[in-house]
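> Here's my sequence, what's the structure:
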Amino acid sequence: MASESIAISALVSLPLNLVISALVVAYWRGLWYLMDANLFPENKELSAWLSLVIGFGISVLVFLTYHLLRPDQRKQSLKRSPIQWRAIETAFLHMAAAGSVFAWRGSWLLMDFYFFPNDATLSSWGGLLLGAGGLTLLSCFRNTVAPPMISAYDGDPAEVISYPPLPSALSVFFKG
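Take a look at the predicted model:
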């Protein structure tokens with residue numbers, strides 16, 4: 001009975017995750033191309049820096065909003081009507097998603113400008129090794145996994161976006 005349930009779940013979730021993956025790519029691509037066309041298209045370097053600043057600024061705003069609303073206040077939001085909650089959650093997620101795309105675009109383009117710009121092979125391998133090494137040392141490599149491998153579904157009002165405690169590699173230095 002349990003294996004039958006797992007098989008049915010897999011038959012439903014795998015195609016759904018593939019669709020989600022394509023939709024995530026469509027969202028990112030659309031916003032990225034809008035930035036290419038409208039955020040100082042004549043000056044890619046300035047566009048990259050602005051993307052990074054806007055992306056990190058939105059990330060700080062989302063992070064502070066999340067942490068300023070104490071857990072009891074987030075749970076209090078459960079008492080809102082489903083339509084009110086859905087509107088708040090959707091606005092918050094749209095802001096967070098846009099911040100992610102801005103930050104990725106800025107980081108990506110700045111790597112093109114400053115990280116071995118005249119040697120694509122060295123830039124590629126250097127970026128791969130730097131990223132993989134740094135994320136592994138920080139115990140944060142799972143952040144590289146995205147749809148279709150991992151899909152998150154909207155719904156738990158208390159956990160729209162989750163900020164885990166410090167990674168184990170850093171918690172040694174920051175005991176509180």
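> I'd like the average pLDDT over the one helix or strand Ala98 maps to.
Assigned by DSSP states H and E, Ala98 belongs to helix 82-114. For helix 82-114, mean pLDDT is 89.
> so what does whichever helix or strand comes after that helix touch, helix or strand wise?
Using DSSP H and E, the helix or strand that follows helix 82-114 in sequence is helix 120-137. Applying 3 or more CB pairs under 8 Å, 6 or more residues apart in numbering; DSSP states H and E, one finds that helix 120-137 makes contact with helix 82-114. Any C-beta I mention is one placed from the backbone N, CA and C, and that applies to glycine too.
> Now do the helix it packs on against helix 120-137: the angle between them, please.
With axes from the mean of the first three to the mean of the last three CA atoms, to 10 degrees applied, the angle from helix 82-114 to helix 120-137 works out at 130 degrees.
> which strands and helices sit next to helix 82-114?
For helix 82-114, the packing partners by 3+ CB pairs under 8 Å, 6+ apart are helix 2-38, helix 44-68, helix 120-137.
> before we move on, the earlier item: and the angle for the helix holding Ala98 with helix 44-68?
Using the same axes, to 10 degrees: helix 82-114 against helix 44-68 is 140 degrees.
> any idea which of the helices and strands packed on helix 82-114 is most buried?
Per residue and on average, the most neighbours among those fall to helix 44-68, with a mean of 16 (mean count of other CB atoms under 10 Å).
> okay, the angle between it and helix 2-38?
130 degrees.
> And the contacts of helix 44-68?
For helix 44-68, contacts defined as CB atoms under 8 Å, 6 or more residues apart in numbering pick out 35-36, 39-41, 92, 95-96, 98-110, 112-113, 160-161, 163.
> which residues sit in contact with Leu110?
Here Leu110 is in contact with Ala48, Trp49, Leu52 (criterion: CB under 8 Å, 6+ apart).
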